[in-house]
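Novice: Generate coordinates for the sequence data below:
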Amino acid sequence: MTAPPPSAAPHEPRTGPAPASSRADRPAAGPRGRERVLDATLALLAEAGYGRVTVEGVAAASRVHKSTLYRWWPDKAALVADALASRLDTGPVPDTGTTRGDLAAWLEGTIANYTATPAGAAMPALIADLAGRPGALDAFRAAFLAERRANCATLLHRGIARGDLPADTDVDLFMDALAGAVFYRQLVTGLPIDRDLPHRLLRLLGL
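Specialist: Model prediction:
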């Protein structure tokens, strides 16, 4: 009678650290993982442009699992919007001593953000992507525009208090005129946005 083969040794559970490859593939949660994702998003924007950025590519570049990204952001547009809102510098509120100097400094910062950085260059495509989803666009406006407009409004109210601007100045319309000229040239006409543009705009607006 043939003896049955010896049974296999029972499987021993792994008690040591996981292999390096599996550790590297783990989703990274928490603030550090989120910061890596935002940094990777901007790096990919600079390298490939908005149209070629994907959630999968950001996940690979940041070493944060794709499923984690989708828990934090519903889609690419929301991710890019958050990256722009958190990374494009608002800077301190200018205080040059004159209303004209303050507004010129604010405009120069706006121009630098939107025309001299990959993040700013991605703005037109992002807005187009968000346009069909009013809720997402409203959220982006709140995250991205609110602080920037508040800073400019501070300058305009300071100018009104100094007597440099009329007491009945329409602050919202004034801000639209300042930033709108920059965006119109960037998105529509393609006319140059040169270093003298802030001063020419302010002269046009009576400052």
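
Novice: and the longest helix for this structure?
Specialist: helix 30-48 (DSSP state H).

Novice: how far does it sit from the chain's center?
Specialist: 10 Å (CA atoms, centre = their mean, to the nearest Å).

Novice: from here on, count from 38
Specialist: Right, with 38 as the first residue, what we last looked at is helix 67-85.

Novice: pLDDT at T78, what is it?
Specialist: pLDDT, T78: 92.

Novice: Find the residue closest to it in space, skipping its chain neighbours.
Specialist: Of all residues not flanking T78 in the chain, A120 sits nearest, at 4.1 Å (CB to CB, 6 or more residues apart in numbering). No exception for glycine: its C-beta is placed from N, CA and C like everyone else's.

Novice: do you know how far that neighbour is from R108?
Specialist: According to CB to CB, to the nearest Å, A120 stands 16 Å off from R108.

Novice: what do you get for R199?
Specialist: 49 Å.

Novice: and what of L116?
Specialist: Taking CB to CB, one finds L116 at 12 Å from R108.

Novice: Those two - which one has more neighbours?
Specialist: Regarding L116 and R108, a neighbour count based on other CB atoms under 10 Å identifies L116 as having more, with 21 against 11.

Novice: does the more buried one count as helix, strand or coil?
Specialist: Following DSSP: H, G, I helix; E, B strand; the rest coil, we place L116 in the helix state.

Novice: got the contact list for it?
Specialist: Contact analysis of L116 by CB atoms under 8 Å, 6 or more residues apart in numbering lists 74, 78, 92, 95, 106, 109-110.

Novice: Only the buried subset of those residues, as a ChimeraX command please.
Specialist: Only the buried members of the contacts of L116 enter the following ChimeraX selection, criterion being 16 or more other CB atoms under 10 Å:
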select :74,78,92,95,106,110
